[in-house]
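Asks: I'll drop the sequence and a predicted model, then ask my questions.
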Amino acid sequence: MDLINVDSLIDSAMTIGGQLLLLIIVYLIVAPLGKKAVTSGVEQTAKRQKLSEGRTKTLQNLLVNVFTYVLLFFFIVTFLGILGIPLGPILAGAGIVGLAVGFGAQGLVSDIVTGFFILIEKQIDVDDYVTAGGHDGIVEELGLRTTKLRGFDGTLHYIPNRNIQVVNNHTRGNMRALVDMNIGYSENIDEAIRVLQNVCDQFTGDGRLKEGPDVVGVQSFGSSEVVLRVIAQTEKMEQWGVERDLRKAMKEALDEAGIEIPFPHHVVLNKNEQ
Amino acid sequence: MDLINVDSLIDSAMTIGGQLLLLIIVYLIVAPLGKKAVTSGVEQTAKRQKLSEGRTKTLQNLLVNVFTYVLLFFFIVTFLGILGIPLGPILAGAGIVGLAVGFGAQGLVSDIVTGFFILIEKQIDVDDYVTAGGHDGIVEELGLRTTKLRGFDGTLHYIPNRNIQVVNNHTRGNMRALVDMNIGYSENIDEAIRVLQNVCDQFTGDGRLKEGPDVVGVQSFGSSEVVLRVIAQTEKMEQWGVERDLRKAMKEALDEAGIEIPFPHHVVLNKNEQ
Amino acid sequence: MDLINVDSLIDSAMTIGGQLLLLIIVYLIVAPLGKKAVTSGVEQTAKRQKLSEGRTKTLQNLLVNVFTYVLLFFFIVTFLGILGIPLGPILAGAGIVGLAVGFGAQGLVSDIVTGFFILIEKQIDVDDYVTAGGHDGIVEELGLRTTKLRGFDGTLHYIPNRNIQVVNNHTRGNMRALVDMNIGYSENIDEAIRVLQNVCDQFTGDGRLKEGPDVVGVQSFGSSEVVLRVIAQTEKMEQWGVERDLRKAMKEALDEAGIEIPFPHHVVLNKNEQ
Amino acid sequence: MDLINVDSLIDSAMTIGGQLLLLIIVYLIVAPLGKKAVTSGVEQTAKRQKLSEGRTKTLQNLLVNVFTYVLLFFFIVTFLGILGIPLGPILAGAGIVGLAVGFGAQGLVSDIVTGFFILIEKQIDVDDYVTAGGHDGIVEELGLRTTKLRGFDGTLHYIPNRNIQVVNNHTRGNMRALVDMNIGYSENIDEAIRVLQNVCDQFTGDGRLKEGPDVVGVQSFGSSEVVLRVIAQTEKMEQWGVERDLRKAMKEALDEAGIEIPFPHHVVLNKNEQ
Amino acid sequence: MDLINVDSLIDSAMTIGGQLLLLIIVYLIVAPLGKKAVTSGVEQTAKRQKLSEGRTKTLQNLLVNVFTYVLLFFFIVTFLGILGIPLGPILAGAGIVGLAVGFGAQGLVSDIVTGFFILIEKQIDVDDYVTAGGHDGIVEELGLRTTKLRGFDGTLHYIPNRNIQVVNNHTRGNMRALVDMNIGYSENIDEAIRVLQNVCDQFTGDGRLKEGPDVVGVQSFGSSEVVLRVIAQTEKMEQWGVERDLRKAMKEALDEAGIEIPFPHHVVLNKNEQ
Amino acid sequence: MDLINVDSLIDSAMTIGGQLLLLIIVYLIVAPLGKKAVTSGVEQTAKRQKLSEGRTKTLQNLLVNVFTYVLLFFFIVTFLGILGIPLGPILAGAGIVGLAVGFGAQGLVSDIVTGFFILIEKQIDVDDYVTAGGHDGIVEELGLRTTKLRGFDGTLHYIPNRNIQVVNNHTRGNMRALVDMNIGYSENIDEAIRVLQNVCDQFTGDGRLKEGPDVVGVQSFGSSEVVLRVIAQTEKMEQWGVERDLRKAMKEALDEAGIEIPFPHHVVLNKNEQ
Amino acid sequence: MDLINVDSLIDSAMTIGGQLLLLIIVYLIVAPLGKKAVTSGVEQTAKRQKLSEGRTKTLQNLLVNVFTYVLLFFFIVTFLGILGIPLGPILAGAGIVGLAVGFGAQGLVSDIVTGFFILIEKQIDVDDYVTAGGHDGIVEELGLRTTKLRGFDGTLHYIPNRNIQVVNNHTRGNMRALVDMNIGYSENIDEAIRVLQNVCDQFTGDGRLKEGPDVVGVQSFGSSEVVLRVIAQTEKMEQWGVERDLRKAMKEALDEAGIEIPFPHHVVLNKNEQ
C-alpha cells in the first residue's frame, strides 16, 4: 500500500462525492419544482376542463404521490449505484418479481389509467344515470380504481374501471320517449294517426317535454298489426314517466274512437278427417 | 507472488468487508423499520377505512410476509454478489424459470391483488348476499385467493378472486320489490290502478317496507294484456317476501273487483276448405 | 496526484465537453427542423386528404407535442449519460415500471393510434350517423382518445377509440330504402306487382329519392305469405321517412285493389276423441 | 512465459478452487436443510389445514422434487460458470428455447399452480359431487395436472386444472330441494297453499330432510298458471329423491282436493270470414 | 499532454474516420441497389401474379418507403455509434417507449401485413362483392390499412384489415341459385317433380344460367310439408334475380297443376270439458 | 512482433484447446448417458403407468430426439464461442427471429405438451369413443401434434392437441341409459310406474345391462305431461341400443295398459265477436 | 506512431483476416451441405408420408428458401461483427422494430407453421370436401399461408391457415346417410319398421352403398310423433343423394301401407265463456 493507491482512493472518493453532491442537488431542485409543476398543471387542466374542486384535489394528490414515489425510487437506486453497491442483481431480481407482479397487477394499472380519463373527461358524474361495464345505475361514487353504481333494484355494483369499456351516459341532455301503438289491418291508418296526434297535442305544455310528441308514421307491419310510432323529446330521466302517460292516454283514445288494438290473428282452414 | 499482490488482496478484501458491513447495517436498519412502517401503515389505513380488526390482522400478516421475503431475497442476492459468486448465470437461469412460472402464476398474483382490494374497499362482507364471478350466494368466507359463496341451492362456490370482475352486492342499503300485473285490454285502466293502489295502501306500516308500494302506471302493452307496474322499497333481503305477498294480495283484489287477468287471446278467422 | 492525472482529467473533460457541445448543437438543429418538418408534413397530408382546418390543427398539435417530449427525453438521457451519472439502473428501474405501465397503458396508446387513423382517413365526421363500437348514433365529438356518439334515445355514448373496430358510416352517399310487402298465396302475383309498381311510380319526382322505388320480385315464401320486395335509393338519412311513406301507400293500394295481406294461416284437421 | 504468468495462473486457480469449494459447501448445507424445511413446512401446513396423509405425501414429494431440480440446475450453472466455460451463449440459447417452451408450457404450470391450491384449500375431495370446468360429476381422482370427474351418464371427464375456474361443490353441507307447483287462475290460493302445506307436513320426520318442506308463497304468474313454490333443506345428494317424492305427493293431493293443475289456456275470438 | 496522446488521438480518429467512410460507402452502395432490388422484385412478383399496374405501384411505393426508412434509421444509429455518442441509454429509452407503442401499434402492423397479402394474393378487387370482417358489400377501395365496403343498404363500412380473418368472395366464378319449394304430404312427389322440372326446362337458354336449374329431389320433411330442392348455376351476381324468377314461375306452375303449397297443418282432438 | 506475443498466443491457444477438450469430453460423457437416462426413464414410467409398447416407443423416440437436438445446439454454440467467433450478434439475431417464430410456433409447442400428457395419462386410446375439441368420435390415431377422430357421419376430424381442453371419454367403464316417458295428467302415477317397472323387469338378464333398468320417479311436470324417468347401467357403447329397446317396449306397454302418452293440451275459451 | 502499433495493427488485421477466412470457409461448407440436407430430408419424409411430387417440391422450395435467408442473415451479421462495425445498436434498433413487427406478424408465422403441418400431415387435398375455419367447401388450392375453399353456393373462401383450428374432412373414407322418419303414436311400431326395412332392402346392390340401409329402431318420442331412424354407409359425397332417394321411397312406402306421417297434434279442451 503506497501513496499512489491512497491517491487513487481519494481520487475516486472525490469523484463519488462529486457525483453524490450533483445527485442531491438535482434531487433538491427537481423534487419541489416537479411537485409544483404537477400541481399547477393539474390546476390549469382542471380549469380548462371546468372540473369541480374535489375532483381536482383527487387528481393532484394522485399525481403528486406518483411523482414523489418515482423520484424517490430513482434517487435511492442512483445513490446506491454511486456508492458501488452492486445494483445489477437487485434490479434483475426485482425484474423477475416485477414481471410476475406486472402481469398480475396490469389490471390495477389499467383501472387507474381508465379511471383517470373518466375523471378528466368528465364522462360520468355522481348522480348520473349511466350504463357501464354491463350494469345500469345511478353513480354513487367515482374512484380511480372502482366506480360504484346503484342499480334500479337497489343492488350496489362495484365496477373496476378497466371493465368500463364504453360509457353510456343517459343524463347528458334530453332523452327521447318512444311509444309504438298497434292498430288492426282493417283500420284506416289516416284516422288512427289523427286520433293519436290529437292525444299528442294535448301533451303540449307539459313541462317534462322539450319537443313533440309526434306520430312519425307506419313503422312496420306485424303479423296481425300495423305499428304506428310516436316519439317525443323529454327532460332527462322523465322519459319513462312520459311514455307511461302517453301509453295510457293513447290506448284510451283509440278505444274511444273505436279503433281496434288487435290480438294475434289466425286464419284457420278447417278440414274434417275421415 | 510478491507483496503487492497480497496488498491488493487485502485491499480488495477490505473493500468487500466494507461493502458487506454496509449491507448488513442497511439490512438491520431497514428490516425492523420497514416492518413497523408496514404494520402502522396498514393500521392507519384500516382506521381510516374502518376495517374490522380481523381484516386488519390478515392484511398486516400478508404485507409483513411479502416485505420480509422480498428483503431477504435482495439481501442474499447482494451478499453473494459482493462475495464475487457469479450471480449472472444464476439469475439468468432463474429468469427463464421465472418467465415460465410467471406466465403460469400470474393468475395467482392477480387473485391476490384483486382480493386485496376487495378487502380494503370492503366490497363484500361475510353474510352479504352478492353476485360475483357469475354466481349468486351468501358470502361464507373472504380470502386473499378465494372467495366462498353459499348458493341458494346449498352449493358451495369457490371463486378465485381474479374471476370476480364486477361485484354486485345486494345487501348495501334498501332493495326494490317489483311486481307486474296484467289486465285485459277491455278493462278500465283507471279502475284497475285504483284497485291495485288500494292493495298497496294496505301494506302501509309493514316493517319490511321503507317506501310505499305504488302503482307507477302502464309499463307496456303485451299481445293480450296491459301491464301495470307496482314498485316498493324494502329492507334488504326482504324484497322477495314482499313481492310474494303483493302478488297474492293484488291477484285476489283484481278477482274481487272483477277485473280480468287475461289468458293469451287469439282472433280466429274460420274458413272451410272445399 | 501528478500532472498526468490532471492531463487525463482535462483530457476527459474536453472529451465530455466536446460531446456535450455536439449534443446541444444536434439538439438545436434537430428541434426546430423536426417541428417544421412535422408541421408541414401534416399540412401537406391534410391538403392531399382535404382535411378541414380544425382537424389539421389537432393533428399538428398532437404530433409536435409527441415530437417535443420524445426529443427532450432523449436529450436529458444523453446529457446525463455524458456527465457520467450512471443511467443503467435508472433506466432498468424505469424499465420495470415501464413494463407494468406499458401493459396497463397499451389501451391508451391503442386509442390514440386508432383515433389518429380515424381522423386522417376521415372515416367519421361530426354530425355523421355511424355505427361504431356496438353503438349507433350521431357523432358529437371526435377525439384522439374518445369518440362521442349521441344515440337515438338521447344517450351520450363515450367510446374509447380502441373499441372502434369497424366503422359503419351511414352518411357516405345515398342509402337504400327497403320494404317487404306480404300477399296471400291465393293472390295473383303479377297483379300485386302491378299495383305495387303503380304506387312506386307515384313517388317519382320525390326530392328525397335518387332512384326507383321498384318492385324487384318474389323475395321469399313465408309459411302463409308470398313476400314481394320493393327497393329505392334515397338521400342519406331520408331512408326511414321514405320507407314509412311507402309502407302506408302500398298497404292502402293493396287494400283498394282487394289484394289480401294475409294473417298467419293454419289448416286444422279436427278429430273428436271418444 | 515467465514466473509471473505462472503465479497469476496459480493465483486464479486458487481463486477458482476457493469459489468451487465455497459453492460445494453451500450446496451441501442448503440441500438437506432445504429438503427438511420443505418437508416439515408441508407437514405443518397439512396439520393446520387437516389434510389427509395421502394428500400431504403428494405435496411433499412434489415440492421436494421441485426444490431438488431447481437447486441442481443452479449448482451446475454456477459450477460451469466458475470453471470459465462461457455460459452466456448457452443460457441465451436456452433463453430462446425457453421462451418458445415457456409460451407453450405455461398451461402446464398453470395446471399445477391451480391444482396445488385445489389440494391445499380442499376445494374438492374424491367422491364429492362437483361442477368444474363446465362438467358435472363425482370426483374420481385428484391430480396436480388433471382432475377426473365421472359424469352422470358414465362419461369420464379429464379436466386440466387450469380449466377449473370456479369450483361448485354440491356436497359441502345441506342442499335445498325446490318444487314449483302450478294451479289455475280460478283456484283459491289460500286453499291450495293449505293442501300443499299438508303434504309438506307429512314429510316431517323423513330422515333425508333437515328443514321444512314449506310453501313459501306465490312465486310468479305464468300465462295460464299461478306458480306456488315449495322448498326444503335436505341431506346432500338427497335433494333429487326428495323433489321426486314431493312432486308425486303434491300432484296427488291437488288432484284429490279438486284443484286444477292447468293446461295452457287460450281465449279464442271466432270470426267467420265472408 | 505529450505526443503519444496526440498519436493515439489521431490513431483513433483515423479508425473512426475509416469506419465512417466504410459506413458511407456501404450505405451508398446498399441504398440504390436495395431500392432497385425491391422495385424489380415487386415487378416480377406482380408479373407472375398478374397484378394490375396500379396495385404494383402501390406495393412498390410501400416497400421502397419501408426500405428507405429502415436503412436511414440504421445509418443514423451506426453513425452516432461510431462518433461515440452513447447510444445505449437512447436505445434503452426508445425500447421502453417502443414497448408501450409496440403493444398499442401492433394492430397497425397487423393491418398492413394482412393488407399486403390481400393485395398480393388478389383475394379481393374493387367492385367485388365480398363478405369480410362481418360485413357484406361491394369493395369500394382497397388499402394497406383499411378496406372500404359499400353495404347493400348504402352504408360505407371501413374495415381495418386485421379484422378481415376469412374473405368470402362472391364474385370468383359462377354462383349457385337455390330454391326450396314446399308441397303437401298428400301430393304425389313424382308429379310435383315433373311440374317443377318443366319450369326448369323453360329456363334453358337464359343467358344468366351456366347450368340448368334442376330438381335434385326430396331435401327434407317439414312438420306440414315435403321440401323439394331446385338448384342452378348462374353468372355471378345473377343468382338472386334467377332465384326470384324461379320462385315466381314455379309457384304459378304448382298452382296451375293443382299441387298444394301447404299452410302449417295441425290435427286437433276436441274434448269438451264438463 | 516479439516473443511475448507469441507466448501469449500460445498461451491463449492452449487455454482454448483445453476448453475445447473439456467441452468435447463433457459432450462425449453427457450424450450417451443422457440418452440412456431418457430411454430408461421413459421405460420405467411406462411400466409404472402400464403403457402399451407402441406408446412407449413413440415417447422414447420423441424424447431422445429432443435431447439430441438440444445437446447438439449447445455443443455448437459453445464450440463457436470458445473459438472466439462472436456469437452475441448471431444469437441476438436469432433472438429476434426466435421471438417472431416463438409467438407463431407456441401453438406447436402447446400441441406437443398437451399430446404428451394425453399419451402418458392414457386419457384416450385408439378405438375409444370420446368428445374432444368440440367433436365426438371414435379415436383413429393418437399423435403428439394431432388427434384424429372418426365422427358418426363418417367425417374424419383432425384436432390439434392444443384444442383439446377437456377430454370426455365415453368408454371408461359402464354408461347409463336414460329414457323419459310422458303420461297424461289424468293418469294414475302409481299404475304407470308399475307398468313401466314391469317392462324394466323383463330386461333382467340382458347381457348388455349391468344394473336395473329402474323407474326412479316423477322427474318433472311438463305443460301437458307428467314425466317419469327410467335409468339403467349398461356396458359401454350399448346405451343407445338399450335406450331404443326400452323406448319401444315401454311405449307398447303403456298402450296396452291404456295409459295415455299425451299430445300437447290446450284449454280454449271460445268467445264469439260481434 | 511507432512500430509496435503497426505490429498490433497487423496482428489484429491478421486475427480479423483469420476469422473472416474461417467464417467464409464455414459458410461455403455449411451452405451447400445444408441445402442438400434439407432437400433430401424433405424427400425422405415425403416418401415415408407418401406425399405427391408437387407437394414435395413446394415444401423443398420453402425450406431451402428459409434456410438460405437465415444463413445469409447470420453470415452478414457475423461478417460485419468481425469487421468491427458496431452491431449492438443496429441489432437493438432491429429488436425494437422486430418486436413491433413480431407482434403484428405472428399471424403470418402462425399461418405458415399451421400450413406446413396441414401439408405434411395430408389433412386436406385439393378436391376434398372439408369444413375448416367455419366454412364448408371443396378445396381449390392449398397454400402455406392461405387455403381456398369453394363453397356450395359458389363463394370462394380465402382462409388464412391460422384460422383453421380443427379440420373436418368429409372425404376420408365412407360417409353415413341418416334419415329420420316420423310415424303416428297410434301406429304399430313393428309394422312400420317392417315397411321401412322393406324399402331398405330394395336398395341392396346400389353401387353407392357400402353397408345397409337399416332401421335401427325408435330414436326418440316427439310431441306428436314416434321417430324411427334409418342409417346406411355410402361412398363419400354420395350420402346426400342416397338420403334423398331413401326419403322419397320410404315416404311413398308408408303412404302405401297406410301408416300415418303425423302433423302436429293438439288436444283442445273447449270451454265456452259466459
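Replies: Right, received. Where do you want to start? Numbering: from 1, shown residues only, chains lettered A, B, ... in the order given.
Asks: all helices of the stretch 101-250 of chain A, in order?
Replies: Assigned by DSSP state H, counting those that start in this stretch, the helices in the stretch 101-250 of chain A fall at A:189-202, A:239-256.
Asks: Name the SS class of residue A:269, please.
Replies: Secondary structure state of residue A:269, per DSSP: H, G, I helix; E, B strand; the rest coil, is strand.
Asks: so it touches residue C:265, yeah?
Replies: Yes: between residue A:269 and residue C:265 there is a contact at 6.7 Å, judged by Cβ atoms under 8 Å. (C-beta placed from N, C-alpha, C; glycine too.)
Asks: quick revisit: point out the most buried one among the helices of the stretch 101-250 of chain A.
Replies: helix A:239-256 (a mean of 19; mean count of other Cβ atoms under 10 Å in any protein chain shown).
Asks: For that helix, what is the distance to the chain centroid?
Replies: 34 Å (Cα atoms, centre = their mean, to the nearest Å).
Asks: can you pull the contacts of the closest residue to residue A:135 other than its chain neighbours?
Replies: Spatial nearest neighbour of residue A:135, excluding adjacent residues (Cβ to Cβ, 6 or more residues apart in numbering or on different chains): residue A:157 at 4.5 Å. By Cβ atoms under 8 Å, 6 or more residues apart in numbering or on different chains, the contact set of residue A:157 is A:133, A:135, A:137, A:148-151, B:166-169.
Asks: go on, residue A:231?
Replies: Taking Cβ under 8 Å, 6+ apart, one finds A:176-179, A:212-214, A:216 in contact with residue A:231.
Asks: Residue A:107 now?
Replies: Per Cβ under 8 Å, 6+ apart, neighbours of residue A:107: A:160, A:162, B:110, B:113-114, C:104.
Asks: same thing but 7 Å
Replies: Residue A:107 sits next to A:162, B:110, B:113 when contact means Cβ atoms under 7 Å, 6 or more residues apart in numbering or on different chains.
Asks: circling back: which stretch among the helices of the stretch 101-250 of chain A comes nearest chain B?
Replies: Counting by Cβ to the nearest Cβ, chain B lies closest to helix A:239-256 out of the helices of the stretch 101-250 of chain A; the figure is 3.6 Å.
Asks: near chain C too, which of the contacts of residue A:231?
Replies: Checking the contacts of residue A:231 against chain C by Cβ under 7 Å from any Cβ of the partner chain, the ones in range are A:176, A:178, A:216.
Asks: just to revisit the earlier point, who wins for proximity to residue C:223 among the helices of the stretch 101-250 of chain A?
Replies: helix A:189-202 (25.8 Å; Cβ to Cβ).
Asks: Quick check: which ranges of chain A have low pLDDT?
Replies: Applying pLDDT under 70 to chain A flags residues A:1-14, A:54, A:70, A:73, A:77, A:80-106, A:273-274.
Asks: who does the longest helix seen in it touch, helix- and strand-wise?
Replies: When secondary structure is assigned using DSSP state H, the longest helix within chain A turns out to be helix A:3-49. When contacts are defined as 3 or more Cβ pairs under 7 Å, 6 or more residues apart in numbering or on different chains; DSSP states H and E, helix A:3-49 packs onto helix A:53-83.
Asks: Mind checking if the helix it packs on is in reach of chain E?
Replies: No: using Cβ under 7 Å from any Cβ, helix A:53-83 stays clear of chain E, coming no nearer than 13.5 Å.
Asks: Distance from that helix to the middle of the chain?
Replies: The answer for helix A:53-83 is 27 Å, by Cα atoms, centre = their mean.
Asks: hmm, back to that, which of the contacts of residue A:107 fall in strands?
Replies: Applying DSSP state E to the contacts of residue A:107, no entry is found in strands.
Asks: Report the contact partners of residue A:254.
Replies: Counted by Cβ under 7 Å, 6+ apart, residue A:254 has contacts A:181, A:195, A:261.
Asks: So what's the residue count around residue A:220?
Replies: Using other Cβ atoms under 10 Å in any protein chain shown, residue A:220 has 15 neighbouring residues.
Asks: how about it, what does it touch?
Replies: If you count contacts by Cβ under 7 Å, 6+ apart, then residue A:220 has residue A:227 around it.
Asks: Name the nearest residue to residue A:43, ignoring sequence neighbours.
Replies: Residue A:43 sits nearest to residue A:56 (Cβ to Cβ, 6+ apart), 6.5 Å away.
Asks: Number of residues surrounding that neighbour?
Replies: Count around residue A:56 with other Cβ under 10 Å applied: 18.
Asks: what does the one 10 residues further on give?
Replies: For residue A:66, the number of neighbouring residues by other Cβ under 10 Å comes to 12.
Asks: From residue A:59, how far out is it?
Replies: 11 Å (Cβ to Cβ, to the nearest Å).
Asks: hmm, back to that, mark which of the contacts of residue A:231 are part of strands, please.
Replies: A:176-179, A:212-214, A:216.
Asks: Among the residues you listed, name the buried ones.
Replies: A:176-179, A:212-213, A:216 (16 or more other Cβ atoms under 10 Å in any protein chain shown).
Asks: Quickly list what the residue nearest the centre of chain A is bridged to.
Replies: In chain A, the centroid-proximal residue (Cα atoms, centre = their mean) is residue A:167; its distance is 4.1 Å. Beta-bridge partners recorded for residue A:167 (DSSP bridges): residue C:158.
Asks: Would you agree it is in contact with residue A:121?
Replies: No: the criterion here is Cβ atoms under 7 Å, and residue A:167 misses it with residue A:121 at 9.3 Å.
Asks: Report the set of residues contacting both of those two.
Replies: The contact sets of residue A:167 and residue A:121 do not overlap (Cβ under 7 Å, 6+ apart).
Asks: tell me the contacts of residue A:266?
Replies: Residue A:266 touches B:266, B:268, C:263-264, C:266, counting by Cβ under 7 Å, 6+ apart.
Asks: in the stretch 51-200 of chain A, what residue is nearest chain F?
Replies: Residue of the stretch 51-200 of chain A nearest chain F, by Cβ to the nearest Cβ: residue A:184 (12.0 Å).
Asks: That residue pairs with what?
Replies: residue A:225.
Asks: before we move on, back to that, higher neighbour count, residue A:269 and residue C:265?
Replies: Between residue A:269 and residue C:265, counted using other Cβ under 10 Å, the more crowded position is residue C:265 (20 against 16).
Asks: gap between that one and residue E:251?
Replies: For residue C:265, the distance to residue E:251 - Cβ to Cβ - is 16 Å.
Asks: Overlap in contacts, residue A:269 and residue C:265.
Replies: residue E:263.
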